[in-house]
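**Student:** model this:
(chains A and B, ligands or ions: 2)
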2 protein chains.
Amino acid sequence: MTSGPRTVRAARGNKLTAKSWQTEAPMRMLMNNLDPEVAEHPEKLVVYGGTGKAARTWEAYDAIVRTLETLESDETLLVQSGKPVGVFRTNEWAPRVLIANSNLVGDWATWPEFRKLEAEGLTMYGQMTAGSWIYIGTQGILQGTYETFGAVARQHFGGTLAGTLTLTGGCGGMGGAQPLAVTMNDGVVLIVDVDASRLERRVEHGYLDEMTHDLDDAIARVLAAKESKTPLSVGIVGNAADVFTELLERKVPIDIVTDQTSAHDPLSYLPEGVSVEEWHAKAEADAVWFTEHSRAAMAKQVKAMVEFQDAGAIVFDYGNSIRAEAKLGGYDRAFEFPGFVPAYIRPLFCEGNGPFRWAALSGDPEDIAKTDKAILELFPENEHLKRWITKAGEKVHFEGLPARICWLGYKERHLAGLKFNEMVASGELSAPIVIGRDHLDSGSVASPYRETEAMKDGSDAIADWPLLNALLNTASGATWVSLHHGGGVGIGRSIHSGQVTVADGTPLAAQKLERVLTNDPGTGVMRHVDAGYDRAEEVARERGLRVPMQEG
Amino acid sequence: MTSGPRTVRAARGNKLTAKSWQTEAPMRMLMNNLDPEVAEHPEKLVVYGGTGKAARTWEAYDAIVRTLETLESDETLLVQSGKPVGVFRTNEWAPRVLIANSNLVGDWATWPEFRKLEAEGLTMYGQMTAGSWIYIGTQGILQGTYETFGAVARQHFGGTLAGTLTLTGGCGGMGGAQPLAVTMNDGVVLIVDVDASRLERRVEHGYLDEMTHDLDDAIARVLAAKESKTPLSVGIVGNAADVFTELLERKVPIDIVTDQTSAHDPLSYLPEGVSVEEWHAKAEADAVWFTEHSRAAMAKQVKAMVEFQDAGAIVFDYGNSIRAEAKLGGYDRAFEFPGFVPAYIRPLFCEGNGPFRWAALSGDPEDIAKTDKAILELFPENEHLKRWITKAGEKVHFEGLPARICWLGYKERHLAGLKFNEMVASGELSAPIVIGRDHLDSGSVASPYRETEAMKDGSDAIADWPLLNALLNTASGATWVSLHHGGGVGIGRSIHSGQVTVADGTPLAAQKLERVLTNDPGTGVMRHVDAGYDRAEEVARERGLRVPMQEG
Ligand SMILES: NC(=O)c1ccc[n+]([C@@H]2O[C@H](COP(=O)([O-])OP(=O)(O)OC[C@H]3O[C@@H](n4cnc5c(N)ncnc54)[C@H](O)[C@@H]3O)[C@@H](O)[C@H]2O)c1
Ligand SMILES: NC(=O)c1ccc[n+]([C@@H]2O[C@H](COP(=O)([O-])OP(=O)(O)OC[C@H]3O[C@@H](n4cnc5c(N)ncnc54)[C@H](O)[C@@H]3O)[C@@H](O)[C@H]2O)c1
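**Tutor:** Ligands and ions are numbered 1, 2, ... in the order given. Have a look, this model is predicted:
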């Protein structure tokens, strides 16, 4: 038996290869993760995020598929870092697949140890949704960014960015979602990138409206749009250290400032005076010189950011460590503006608000259009959600199986799940829907450099929470559950869990969806109640979450 | 609401305080862990193992009990490091309690970080069975030691230690179980301890038959017993470094050599020439001098052990790091004899053999006597088991609720579970039985310094396995499931999981017991198949465990 790379694409339509939708669903979603439209390096089983894989080897992939094809509805398959290791008789309420990826005992939780074990064929890197079979392409990034700017809008601008001007840097893989996320929130944005080709690419894909090399021109265009409250994104070719400083000096009326240049790595941030063409040669030739200069440039950019804040703008760090690098570059006030998680995401987490994504197993975009409509009908008051769903319907190009993502809170998600299940039952949708999420949710992650940075009670590093989340989802009827180590921040730095539940139209699926989609975000509210957040306590009280230490 | 220390003891009899036995059981077992007969420092909620606790605070204890009293049979309570944090609606098959204790994100998995978080009230140390509510007192240690010597007997002496002479050192908290464990295996043992009071204590408790200060006398007694194949344990007061060497020189016909002096800490091992009275003052006054001398003494003792092996004896390290210390003491051949896990425990783990413990919720010792009898009837061919059950019945004094422990393998444990459940149903037993285990089982632990040391494929540090074990037990119907970090080897060094399932006599309990007690040891066989152990592969094949990579 040898086995090797081939082109994988999930089956469409409603003919089963497996014995039921509960096993067909994980099989199709595994395949969908490896679809060339979805995966970065499908031949290497790599889905996204560096080396985030869907299966350890092609032999392991084959064995997973083979096993899912014959798995009974009271059996459970165990997957250890992308390799199927056992099949057990459980019960109908139990998950059909249980997954643990990349986990190591604490003292061995280092990159060198992980790489050694990976080379020996004993583990793989699961990222978040790669090894848990629920990646849906770049829509996820766009939506996350939309969510952050939406939270900025709600906290500071009465719920919309209309009439506001945002300044940001970096239009790369992640950062390139910023212009569209801002305009989807009805705002105006000026985005600075040194590399014209990055801006051009985003114009081509419809993520950026316009671009220019002339700063006066750029300023004129964004100010006109701000004035008329017309959503607009403009890319300006330039160095953020220079452009941010220049805009500050010219007192351009900017409302929001952030940045997504690749500041986490000093060799990937271009200092002023170096051209894009010289960049990589210079960085390689003299990394010390380059680091010193890029840190000085970041210090200059961050100084401008802090002074924008002094002048009244809303300023936040968008997870690229630019504050830390600027501090190393000699700028003492670097940490005067907050990180985006404590400032904008945590308030959402306190409400159990977080990612809710679904995919149509039929492969029919019509099914997503119908579910989009159902979401709008379910939450008619939620303007922010309405804006996203509407614009995503227009702007988002599906990769692999048609899918959608939005953020919903505690005691909201299960309503959507039950509705979709009814639509499958009635035949309105042409095949079942899978409902899952990223691991970046309110109750499912311990990650002291990102999601649990600066928790109110100092519990950033406590990892009991994601473990309880995974155990509870397993107990609540999820179709597959995963527990990962590493993810976006790397080995040693996070533990997180995921769940996916299938809406196959049966009454049992309805019960399971009701439990999982209530309990999963419920653990997020619970975790934030325990950390002492008032809003979480309020939500628990108002929406009926039982917290034993608050009773009796 | 203030709350504080009080004397706790589980209710006896079959009147319920909670709504069902599925919730009464965890409540009584939590209380039993804090019974003064069971717990080391009940007022501090400390059960055993330094700071292993059953609940974080007395307030948390009260809230757990209060919640269990009203918990419905489709609800689940979440406990985060000894504190109840949420109640969720799940389903009848789900566990009633899910527990995560002491878990930290890898880079923060250190003692100083743990202690800081513990001091801030954010976590507690769960040990293994303290925070998972299934500690049953010192019987566990005795049985584990019996199991190791039983494995030695099977591997080297045709299944019995009759006619063999064992030499060991250290008759303290753990080591004091050795003499009784050897005589229960029908062997003769000479145990050396510098501290006469330790030997006296064990004579008083019936763990040691005789003691003497005279080596000639001791030798005469053990040789006579060995000759006549009469089980006998003799304690000799002396320094193990001296006595081991002397016995080697005199060519006393010793068959088995091991040691459980507290060698892991050089200040707790007494060098020759220092008296017990001077010990602590000397160690404190000059730790460097003391360490140097104790390591030299350990080198001397280990040299004797290696040379006993040269002469044909069976020699093994019993988990106290004496080989490593002897090496530091300058003895190069120290690692020539094996550790006890790879040598004796791993072969058992390959068969899914591991701890199976149960307690009678009635509090009636008669119930345990009846289950003892049932075990003997279920496994009539298993002489080793029969010897243990019979002798434990005679020798073991119950602490707290009457309980028993033995080791059973894959496709054995569920038979015992089903039998006990029938006995509850028929009224033969006066109340339900809880069935659980320690975390030191074949599929439930990743611990590179102990249970997973020197795995055949180098997968010692891979922590996916205990996580899968916990998820699978949750999916299989266990009544409570726990996931812990730390345990016996400390923070950063292990991840392990536990399960307890209640035999309440119902048909549903029978189904759950059948699944859990098959799947739980099944993950052990699976883990050892994956690591490449032939015996595990054989067991999987013969007893019908599905391993996908071996199919197709
Ligand atoms: N929000 C989060 O938690 C989160 C998630 C993912 C990534 N990130 C961080 O966001 C950053 C960007 O990620 P990405 O995937 O888009 O990276 P990327 O490398 O694809 O893009 C970075 C862009 O910055 C530009 N750039 C570099 N130096 C510049 C300068 N001086 N002035 C103007 N432009 C400059 C580059 O030309 C490039 O287009 C990274 O640091 C990443 O770690 C944060
Ligand atoms: N098998 C396992 O995995 C496992 C489990 C628990 C403990 N241990 C190890 O076993 C060891 C013993 O544990 P314990 O709880 O019984 O410790 P303990 O401190 O209660 O007992 C140690 C005994 O050794 C005696 N001793 C010290 N130096 C001596 C010498 N030179 N000669 C003779 N006797 C000497 C002491 O008087 C004492 O009675 C420890 O190192 C512990 O880490 C191993």
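**Student:** Could I get the buried residue list for the particular helix or strand that has A:Glu200 in it?
**Tutor:** Here A:Glu200 sits within helix A:196-204, counting by DSSP states H and E. Across helix A:196-204, burial judged by 16 or more other CB atoms under 10 Å in any protein chain shown covers A:196, A:198-200, A:202-203. The C-beta positions use only the backbone N, C-alpha and C, and glycine is treated the same way.
**Student:** Redo those as CSV? Include distance to B:Ala425 and pLDDT.
**Tutor:** Output for the buried residues of helix A:196-204, formatted as CSV (distance: CB to CB, whole Å; pLDDT from 0 to 100):
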residue, distance to B:Ala425, pLDDT
A:Ala196, 78, 97
A:Arg198, 71, 95
A:Leu199, 74, 97
A:Glu200, 75, 96
A:Arg202, 69, 94
A:Val203, 73, 96
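**Student:** Can you tell me which of these lies closest to ligand 1?
**Tutor:** Comparing the buried residues of helix A:196-204 against ligand 1 with CB to the nearest ligand atom places A:Arg198 closest, at 3.9 Å.
**Student:** wait, isn't that closest one in contact with A:Gly176?
**Tutor:** Yes. Contact criterion CB atoms under 8 Å: A:Arg198 and A:Gly176 qualify, at 6.9 Å.
**Student:** where does chain A dip in pLDDT?
**Tutor:** Within chain A, the segments meeting pLDDT under 70 span A:1-2.
**Student:** what about A:Pro466, which helix or strand?
**Tutor:** helix A:464-476.
**Student:** Next SSE downstream of that helix?
**Tutor:** strand A:480-485.
**Student:** how about that following strand against chain B, any contact?
**Tutor:** Yes. Interface with chain B: strand A:480-485 contributes A:481, A:483, A:485 (CB under 8 Å from any CB of the partner chain).
**Student:** Dump these to CSV, plus distance to A:Leu517 and neighbour count.
**Tutor:** Output for the residues of strand A:480-485 next to chain B, formatted as CSV (distance: CB to CB, whole Å; neighbours: other CB atoms under 10 Å in any protein chain shown):
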residue, distance to A:Leu517, neighbour count
A:Val481, 14, 31
A:Leu483, 19, 31
A:His485, 25, 29
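**Student:** Out of those, flag the one nearest to A:Arg546.
**Tutor:** Set against A:Arg546, the nearest of those by CB to CB is A:Val481 (22.3 Å).
**Student:** That closest one and A:Gly498 touch, don't they?
**Tutor:** Yes. In this structure, A:Val481 is within contact of A:Gly498 by CB under 8 Å, at 7.2 Å.
**Student:** so what's the nearest residue to A:Asn421 once chain neighbours are set aside up against?
**Tutor:** Excluding its sequence neighbours, the residue lying closest to A:Asn421 (CB to CB, 6 or more residues apart in numbering or on different chains) is A:Ala503, at 4.1 Å. By CB atoms under 8 Å, 6 or more residues apart in numbering or on different chains, the contact set of A:Ala503 is A:417, A:420-421, A:424, A:432-435, A:509, A:513.
**Student:** Quick check: the residue in the stretch 201-350 of chain A that ligand 1 sits nearest to vs B:Phe290, distance?
**Tutor:** Shortest the stretch 201-350 of chain A-to-ligand 1 distance, computed as CB to the nearest ligand atom: residue-wise this is A:Gly319, at 2.7 Å. Counting by CB to CB, to the nearest Å, the gap from A:Gly319 to B:Phe290 is 52 Å.
**Student:** With A:Gly363 instead?
**Tutor:** A:Gly363 sits at a distance of 73 Å from B:Phe290 (criterion: CB to CB).
**Student:** Next: A:Lys226.
**Tutor:** From A:Lys226 to B:Phe290 the distance is 76 Å (CB to CB).
**Student:** first to last residue in stretch A:378-388, what's the distance?
**Tutor:** 14 Å (CA to CA, to the nearest Å).
**Student:** buried set for it?
**Tutor:** For stretch A:378-388, burial by neighbour count (16+ other CB under 10 Å) applies to A:379, A:382, A:384-385, A:387-388.
**Student:** ok so, going back, would you convert the contacts of A:Ala503 into a markdown table that also reports neighbour count and distance to ligand 2?
**Tutor:** Shown next, in a markdown table, are those (neighbours: other CB atoms under 10 Å in any protein chain shown; distance: CB to the nearest ligand atom, whole Å):
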| residue | neighbour count | distance to ligand 2 |
| --- | --- | --- |
| A:Gly417 | 26 | 47 |
| A:Phe420 | 27 | 52 |
| A:Asn421 | 27 | 51 |
| A:Val424 | 26 | 53 |
| A:Pro432 | 28 | 50 |
| A:Ile433 | 30 | 50 |
| A:Val434 | 28 | 45 |
| A:Ile435 | 27 | 46 |
| A:Ala509 | 24 | 47 |
| A:Leu513 | 29 | 46 |
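**Student:** Many thanks, I have nothing further to ask.
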